[in-house]
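> sequence? don't have it. structure:
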């Protein structure tokens, strides 16, 4: 496209000073022998890499996916473009017969939430999983064909995580065999519903079922909300977009209110629960755990993605830190030439530890997904054995160690909380590590951070969720104390702690990787039994222990991350996938992650006697600093292995070729629409813009 | 203004469910006896409070300051409105003969950076402080009259904090007695310059002075950049806005390149350095510390403001946490009614500790300003005694304990880093503590956070600055080791540590407030001597110690915050200002801040033997939790004392009257421009918007 403002010829001739960014990155890549491609294959498989290239080429060839105006456009413009992209993407997906996996990759590359987002996920999933065969015929087919475009309307203005508190009602009317959907208060307004604001013509509405004046709890109802032709809201429905947000502004999160809207009997999704239209009798869900299963899957997905989410920021910040030079090393001989920022230890302690974290989270996500799939298989095998699942969601008590679902639930809660907090906070650390330019939209970090931000809150707030982990650990500890034999890793580490706690621990955290893992297990077990003492012996209130539970969940989840990272590097397939040099480096990244985390949480490790003060001192002043030095030369190649195409990152600072300043300048000078306007700057003048006298100052007053 | 979309009558009748927000906040205020007005006076003085009311009324009466579209407007629209506001504000200031203080209050209330921002600060200050009487006559007067509108052009695309690295040159041409201002490279482009992008017609340009081929370092030049009538850039000047940022989008941060632009001899600001136009001889600055003085003042201002910056977020989140109810307390008898979120200890540990932090920072800011003013007086008295100042900025060495400037410099660096990091990170904690609604723009936290964000980077990056503190502490420690008698607080605590370190410390941190202060001093001194050992005995490289220096600076700055808070509550004027009940509560807030900070940094306190493991355990599990419980009933009244008008906060969640949900709904339903658009949602249709066939989908492809 033509530049918004032309760049003068004399400016076009200018180059950045000193060694060029492209030269600096080339040097970085030359001095390390890390097998970037091999590591990429190890992380993503060759099939995954090939798929990405193929889809990237398709997207880049379509004008509608051009990203050059993304950072400049207003909310309305961005939404308009996002809708055009969603339409095109759907057409492409049909044309190329894309799989679910292909679609995920395409959305990752486009990297913005789109207006069909909730239609394609929660709407279709809920219709599929909770609809009867009749409803599949009536609703699902049309939804799959995009005649019905939908959303999943659960959260309300006054009610977030607590589904039981929802106020929207669905009252069964036996006279004409309908449900009356109603919003009795303002706080009953559905709120935050993705794809609802402007796009959807249908909604799956979670509403309190009422039969004969008696409440039966929240149930899903399929409700048409807009006319299929005019797309205007139907009568007695008030619906709209809920306004701008910190991020996610390409998505139309919406609100929705009902004024006694009648829907037919078939609207209540009836695979598990139903109301008999003749007798008005309600029949209970066959297996409530299947409903919770969706949430567990969503949380597992968040865990799986967290490493990649963070890696975008780390890639951008690391490449820029290799290009950017500032000040001299104080001890350097040559006090004229400036040092690459990546050489400063205050930059390394932030970026290289986060680089290690990206891999730690990646392997943890893989482990989480394997656990999820194993539990799905087990559940399929156990179909009908409902007891276990129900017990897992029940009140505080002991549970049998074999309760795979409870373990899965707790693991997904704890890791979702830790992984998303780590990724979101880490992205902001990356942004700040870029100095002033990190604040520019062209850095490509702020918008990514702001779009990811709600992940710390949705699908279970990161503080709230930790109660689930604590509850599970307390149950496990009670079972171990009763002498039940360990059946999974959690009960195993608790038992181990009990057995050895008298002798105390003597972990060689600086010498042996496996001892590092053990030290994390020890601390988690120590905190578990501490919490149990407070609750069961000292009878402290649940509320007074929430802060301890938060720490406990964090400690246990960090143990799981360390363990997953360790196991991934010691699996049998590793030596065939990675060359020895790269593998050695990965082990160093493991140690960096583990020791840095241990040192950051030092006081818990002391208190539990897992380590000595002397060990922590050595970890901090010697081991971590040495690892930073050893990993530093490989930083650029390591981020390269994450294999983000420039098109995906859309970042001046993170460019693979290092042409950072050229790109910053090009975007500011040629693409920025604000530069098309010449203002009248004087306080006493009547106009605001020189060119456009209609925009007079007085009209604003 | 008329609603963008009308709300149906049946919706207008709806109210939020349960106890209304207004009732809940009224209950909160009724159950505490904190003297809100008295505390406000103690914090801001009656004069300050009166001034705010007076100015608020003026601003609210002007349509241009109406905030209702702020969260919706595009960048270009926001900039246009910001310019209109800046013009109007200037007219009002002239009309009412406002003082500098009045203008600051007005800008605080408007709460958005404006296009005159850098004109009114750095441009005028630099002309005043660095211009000769002749230049005052030529430039300053016109600038004060807004005929010249300017900016301060220092930072470059490739050069941030390091002024010596600037590339722009000003070459003296004795032939025609001019300077040639030139940008030799792309990285020489001025970058980030506030008010430059669209508004300024002049710039103070920092450029490397070159005389006869020899460089003389960076100097300021007054340069016209745009035509005074057309406002178009002058020949051989390329200037523009640098594009969107994470925040600060009402400001036109700009770029600027020169192609051998000639300016007359008088352009070089000549109060301190000058080039003799006849002999081409350069004369040196008389007192370089005066130049550093401006930066110290700016940093001191950041410290002074940090408490109030954070308090906005704490006010919003605390009020909303008193209105919002979610889930039941697990041990509660009544499992139907939901609990105010503020009752959960996981919310208290975040919000009440931050509430304590707002006061800690407020008193620290006051102390910082007093120190600054004392040093200004001293300097005025010492005029001519240049030695001290120069030594302060020199290389590593010992310095005399009486070096007030060095102390001021280090204190302003350390506190700027700690206070702005604390405020910015705390704001994000507040936003997340609001749950899902915290993500909405209407919460009023995200935009405030994003506008404040660069404070962590500018005026010295928060990591970089800590080297200054460490350098000062190392010097002080060397001086104490040599036996020089302490002359200020820093050398005093170092001496004290040396004297007692053999015996060890036995601070009663749980019993005595003054011992808490001592424990922070002890840890700071311990880390100082540790760092000194690494540097002077073990001869470790400066770079390898940067991470330790960062910790040291943080520790020392936390000590200063604790000390300032303690001293403010034990000053002689306190008992006449605060009633005993409120004062007791303030002491509890002091203990909460100190103990929570101590506990968060526990491992350094252990390692230094300032406290025992047992004390930390008690601080965490007992003292802090008890303080939370005792402060909880007063939380709303305490945030009320910060005295933010609703107009300033512009937050649905933070409304003083608690009408949270009504306001969220009103903004979404009636003000949101996206709701004026009806889309065509079907993937195979040709149009994007139903109403406007010209916006067809195909044009996007």
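Arrived safely, thanks for sending. Since the model is a prediction, treat every value here as computed from it, not as a measurement. Numbers count the residues shown, from 1 in each chain, chains lettered A, B, ... in the order given.
> low-confidence stretches in the stretch 301-450 of chain A?
Low-confidence regions of the stretch 301-450 of chain A, defined by pLDDT under 70, span residues A:329-330, A:332-336, A:382-402.
> then chain A?
Across chain A, residues meeting the criterion (pLDDT under 70) sit at A:1, A:285-292, A:329-330, A:332-336, A:382-402, A:693-694.
> please name the nearest non-neighbouring residue to the residue of chain A positioned farthest from its centre.
Here chain A reaches farthest from its C-alpha mean at residue A:684, the gap being 50.3 Å by C-alpha atoms, centre = their mean. Once flanking residues are discounted, residue A:684 sits nearest to residue B:91: 7.2 Å by C-beta to C-beta, 6 or more residues apart in numbering or on different chains. C-beta coordinates here come from the backbone N, C-alpha and C atoms, glycine included.
> tell me the SS of the one you found?
helix (DSSP: H, G, I helix; E, B strand; the rest coil).
> test my guess that residue A:453 contacts residue A:113.
No. Taking C-beta atoms under 8 Å as the contact criterion, residue A:453 and residue A:113 are not neighbours in contact, 11.9 Å apart.
> chain A - how does it break down into domains?
A:32-112, A:147-283, A:294-641 (the TED database).
> any chance of those domains in JSON lines, plus mean neighbour count?
Shown next, in JSON lines, are these (neighbours: other C-beta atoms under 10 Å in any protein chain shown):
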{"stretch": "domain A:32-112", "mean neighbour count": "17"}
{"stretch": "domain A:147-283", "mean neighbour count": "20"}
{"stretch": "domain A:294-641", "mean neighbour count": "20"}
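> mind putting these into CSV with distance to residue A:25?
Putting the domains of chain A into CSV (distance: least, C-beta to C-beta, whole Å) gives the following:
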stretch, distance to residue A:25
domain A:32-112, 12
domain A:147-283, 29
domain A:294-641, 6
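> residue B:322 is nearest to which of the ones you listed?
Closest to residue B:322 of these, according to C-beta to C-beta: domain A:147-283, at 14.2 Å.
> for the closest one, measure first residue to last.
Start-to-end span of domain A:147-283 (C-alpha to C-alpha, to the nearest Å) is 31 Å.
> before we move on, the earlier item: quick check: the residue nearest to residue A:684 vs residue B:62, distance?
With distances defined as C-beta to C-beta, to the nearest Å, the gap from residue B:91 to residue B:62 amounts to 10 Å.
> also residue A:173?
When C-beta to C-beta is applied, the distance between residue A:173 and residue B:62 equals 55 Å.
> then residue A:501?
Looking at residue A:501 against residue B:62, where the rule is C-beta to C-beta, the gap reads 70 Å.
> residues contacting the residue nearest to residue A:74 when sequence neighbours are not counted?
The spatial neighbour of residue A:74 that comes closest, neighbours along the chain excluded (C-beta to C-beta, 6+ apart), is residue B:74 at 3.1 Å. For residue B:74, the contacting residues are A:73-77, taking C-beta atoms under 8 Å, 6 or more residues apart in numbering or on different chains as the criterion.
> would you state the helices of the stretch 601-701 of chain A in chain order?
Assignment of helices within the stretch 601-701 of chain A using DSSP state H, counting those that start in this stretch yields the ranges A:602-607, A:613-618, A:625-631, A:635-640, A:646-649, A:660-666.
> tabulate these (a markdown table), appending distance to residue B:96.
Putting those into a markdown table (distance: least, C-beta to C-beta, whole Å) gives the following:
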| stretch | distance to residue B:96 |
| --- | --- |
| helix A:602-607 | 55 |
| helix A:613-618 | 60 |
| helix A:625-631 | 57 |
| helix A:635-640 | 56 |
| helix A:646-649 | 50 |
| helix A:660-666 | 42 |
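> nearest to chain B, of those?
Put simply, out of the helices of the stretch 601-701 of chain A the one that sits nearest chain B is helix A:602-607, at 3.6 Å, with distance taken as C-beta to the nearest C-beta.
> other SSEs contacting the closest one?
Contact here means 3 or more C-beta pairs under 8 Å, 6 or more residues apart in numbering or on different chains; DSSP states H and E; on that basis helix A:602-607 packs against helix A:513-532, helix A:613-618, helix B:602-607, helix B:613-618.
> for the stretch 51-200 of chain A, which residue gets nearest to chain B?
Distances from the stretch 51-200 of chain A to chain B, computed as C-beta to the nearest C-beta, single out residue A:74 as the nearest residue at 3.1 Å.
> in helices, which of the contacts of residue B:74 fall?
Residues from the contacts of residue B:74 lying in helices, with DSSP state H as the criterion: A:75-77.
> which of those lies closest to residue B:263?
Of all the ones in helices among the contacts of residue B:74, the one sitting nearest residue B:263 is residue A:77; the distance, using C-beta to C-beta, is 41.2 Å.
> what sits against the closest one?
Neighbouring residues of residue A:77 by C-beta under 8 Å, 6+ apart: A:69, B:74.
> same deal with residue A:518?
Residue A:518 sits next to A:505, A:507 when contact means C-beta under 8 Å, 6+ apart.
> what about it, distance to residue A:525?
Counting by C-beta to C-beta, the gap from residue A:518 to residue A:525 is 10 Å.
> kindly report the same for residue A:598.
Residue A:598 sits at a distance of 15 Å from residue A:525 (criterion: C-beta to C-beta).
> same thing with residue A:608?
8 Å.
> what about residue A:651, how many residues close to it?
By the measure other C-beta atoms under 10 Å in any protein chain shown, the count of residues near residue A:651 is 27.
> quick one, phi/psi of it?
Note on residue A:651: backbone dihedrals following degrees, to the nearest 10 are phi -130, psi 130.
> surely it is in contact with residue A:441?
No. No contact is recorded between residue A:651 and residue A:441 when judged using C-beta under 8 Å, the distance being 9.7 Å.
> residues contacting stretch A:485-498, please?
The contact list for stretch A:485-498 (C-beta under 8 Å, 6+ apart) reads A:400-402, A:404, A:407, A:410, A:472-473, A:476-477, A:479-481, A:484, A:521-522, A:524-526, A:528-529, A:559, A:563.
> meant to ask about stretch A:34-52
Outside stretch A:34-52, the residues within contact range by C-beta under 8 Å, 6+ apart are A:101-102, A:105, A:109, A:362, A:574, A:577-579, A:581-582, A:585, A:634, A:637-638, A:640-643, A:645.
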